[in-house]
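Next input, structure requested:
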Amino acid sequence: MATDPLIRRARPQAFMTVGRLDRVLGHPVAFVLAVLVLLVAFSWTFVTNPGRPAPADDPAYYSWRTEALMANDPETLLTADGPLGMYAGGYRVATPVLAGLMRRVMDVGILTPTILISVGLRVLIALLLAGFAYRYRPDPLIWHGVFFGVASLMLAPPFAGYIDNVMTLLFLSASLYLIEPARTSWGPRIAFFLLLLVSGFTHPTTLAIFCLTLGAMAFVRFVMNGFSLRRALADDGAMLVAGFAAALATYAIWKVGIWGESASLGEAALPPPAGADFFARRLNDWLRALRPVVNGPLFAIGVIGLLAAGRRAARDELTRVAIVWLAPLIGIFGVLAGVAYPYYRFFNTTTAWLLLVGIGAFFVVRYCLDVAGRGGLGAVALLGVLAVAFVLGTNLRTGMDVTGWNDPDDGWLKPAEQEDLGTVRAALEDAGATSVVFVVDDDAEEDVRIYGFAKRAGNVSRFGVPADVQDRTAFYLGSLDRYLAGEPTDRGDYYRELSSASLQDANRVAGTEPDVVVVPSVFNEAGSNAGVEQPSTEGRVWYVTDCEANGLRGCSATLGDPGRGFPFGPILGGLLLLIPGALLLPWALPGARFVDALGLVPALAAASLCIVGMFVLAGTGGPLTSGRAWTILVVTGAVGLVAFAASFFARDPGLGRGSPNFPATP
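Model (predicted):
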């Protein structure tokens, strides 16, 4: 029989001791391996199906806007607003600028930027929230819990395809790191302002909500500090000034119109023509897809666990951010009033609920490991760890199923569309066409359904248009005969309104007699043009089906860079795009650690490249050519070098290294 001293000496050697597990999880290799696991999970479908597009419908919008920016004056993104303004985005231009830089510097194909952004955003937001939680609870397990907890829900409907919304959440999640150090340092203050500013050129509605949340955070601290205005200004004055300045600068730049056209902030969010019933159904669908039965308890545990510290919790940055940033979710309760607006979209105006699910997972796993570490029957508690792993794993699996993430036939560009429109592109280039109108129709009855069909058809059809013709491309909703007669198609009030608006837009953009009128069968499977034969109009009208357009036959649609071997060039280009973020990091966040850099370097790189890119294009007034792209990279890198040098003159290595109420462990 072993003696007690022998047992005590043996216990530290057991692999599953909590201390040893923490050391393993806290090693940089463990962080990198976790990132690789998620990168493989999110990107494997694109590796095994080269040339497939990103899932969801929205990437189509960003794809053609990127192509337009690369071949036309930047003002095109503001003037190409479509019928009834359905393509209006104002100065929501950060995403096409970033995607265009990827195209030019990384030398990748048309489909690749939206794939890289769709995968990258999901991994980076998880990294940023995990690193933020780890700064205030220096327990490596919280990093892994938040990382996998957040990532497991990043394929849920609130984030499926809404690239600008999710890109804004990337910048706002990065800004969380800077709230505390901005109290005393100018580097974090300026970086905080710039992250909010670029959010204003990605999705200003989300920025406005975040700025209101910053005010709520300051008010909470004001109350907990005994209503001391002096202490409130000392703690949160810099944060509030930066937020106000970013909102004001966003408004001013939109109104001045740095690309030649002023824009209204109202263009940032245009709701579809639907009633309260439609929005209520969509909200219900989203709630069910979020699996509240299994994720609700983790969320509640996260909230309770943070608030359990009482008054200390109110002075803790992690608790303050995680709880107060839930405030935007109040917007979903418009369903109770029956008001018709997209209240389901308030889920993607904050990442706080994701953060709290991850924190809840951490609390459960930590408790179970502590119980199991006592030995004996306590080992049963390991089942709790397995249960959390099962919930997070099935979250990811459910999200992939709901969004069709792993289905190569369910992207923004369906296989038949890719084949036919790829052929149209080749035929238009061969014909030297300078203007084109797509005629599309469907027999959908609901206003919101015909709106959705027309918007998708108009976006996706532009895949078949050369980049330099994007500014003279439009679509017409309705009968081909009515379009050729110069009349809208009549079928219900809203349908006629949209058909009339599409005719006016087509005449404005492409002229009353465009070079080519395309009738693609993939967008006329139902409705007035279904089964129409090639009309006799001297070749001006092309009816496209089975990869044939204007006598050109052949599915020349593989534009996603498959079969190029190992992508040395794109990888090198991607690393070059990260350099500005690496240079800015020590200036933006003094004392940043490896886990901070994992998420902040790409976020700072993206933000700085977008801001510099916007102003370089404003100054030059031309398209995003290769020369301008490299100029943007060099200028951003030079700014980064100046900031890097400045960081050595004003460095406080202690900034942000945990909360005074929850200090780092020895």
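
so how far is F192 from R231?
R231 sits 20 Å away from F192, going by C-beta to C-beta, to the nearest Å. Bear in mind the C-beta positions are built from the backbone N, C-alpha and C, glycine included.

And stretch 28-40, what's buried?
F31, A34, V35, L38 (16 or more other C-beta atoms under 10 Å).

can you give me the helices in the stretch 151-300 of the chain?
163-175, 186-200, 204-224, 229-256, 276-289, 292-307 (DSSP state H, counting those that start in this stretch).

Could you identify which of those helices is most buried?
Neighbour counts (mean count of other C-beta atoms under 10 Å) averaged over each of the helices of the stretch 151-300 of the chain peak at helix 163-175, with a mean of 27.

ok and that helix relative to helix 229-256, angle-wise?
Counting by axes from the mean of the first three to the mean of the last three C-alpha atoms, to 10 degrees, helix 163-175 lies at 150 degrees to helix 229-256.

I'd like to know which of the helices of the stretch 151-300 of the chain is closest to M102.
Among the helices of the stretch 151-300 of the chain, helix 163-175 comes nearest to M102, with 13.1 Å by C-beta to C-beta.

how far does that closest one sit from the chain's center?
6 Å (C-alpha atoms, centre = their mean, to the nearest Å).

Show me the one of the helices of the stretch 151-300 of the chain that comes nearest P570.
Closest of those to P570 is helix 163-175, at 19.7 Å (criterion: C-beta to C-beta).

Kindly calculate the angle that the closest one makes with helix 186-200.
170 degrees.

what mean pLDDT would you report for helix 163-175?
Mean per-residue pLDDT for helix 163-175: 97.

which other helices and strands contact it?
Helices and strands touching helix 163-175, by 3 or more C-beta pairs under 8 Å, 6 or more residues apart in numbering; DSSP states H and E, are helix 59-71, helix 94-106, helix 112-136, helix 186-200, helix 204-224, helix 594-620.

what's the angle from the second one to helix 59-71?
It refers to helix 94-106. Counting by the same axes, to 10 degrees, helix 94-106 lies at 60 degrees to helix 59-71.

same check, this time on the last one
Between the axes of helix 594-620 and helix 59-71, defined by the same axes, to 10 degrees, the angle is 50 degrees.

Buried residues, the helix or strand following helix 594-620. List them.
Reading on from helix 594-620 to the C-terminus, the next helix or strand found by DSSP states H and E is helix 626-646. Residues of helix 626-646 classed as buried: R628, A629, I632, L633, V635, T636, G637, V639, G640, A643, F644 (neighbour count, 16+ other C-beta under 10 Å).

contacting residues around P113?
Listed by C-beta atoms under 8 Å, 6 or more residues apart in numbering, the contact set of P113 reads Y62, S63, T66, L98, A99, G100, M102, R103.

Okay, the closest residue to it other than its chain neighbours and E67: tell me how far apart.
Leaving aside its chain neighbours, P113 sits nearest to A99 (3.7 Å; criterion: C-beta to C-beta, 6 or more residues apart in numbering). Distance of A99 to E67, given as C-beta to C-beta: 9 Å.

That concludes my questions; thank you for your assistance.
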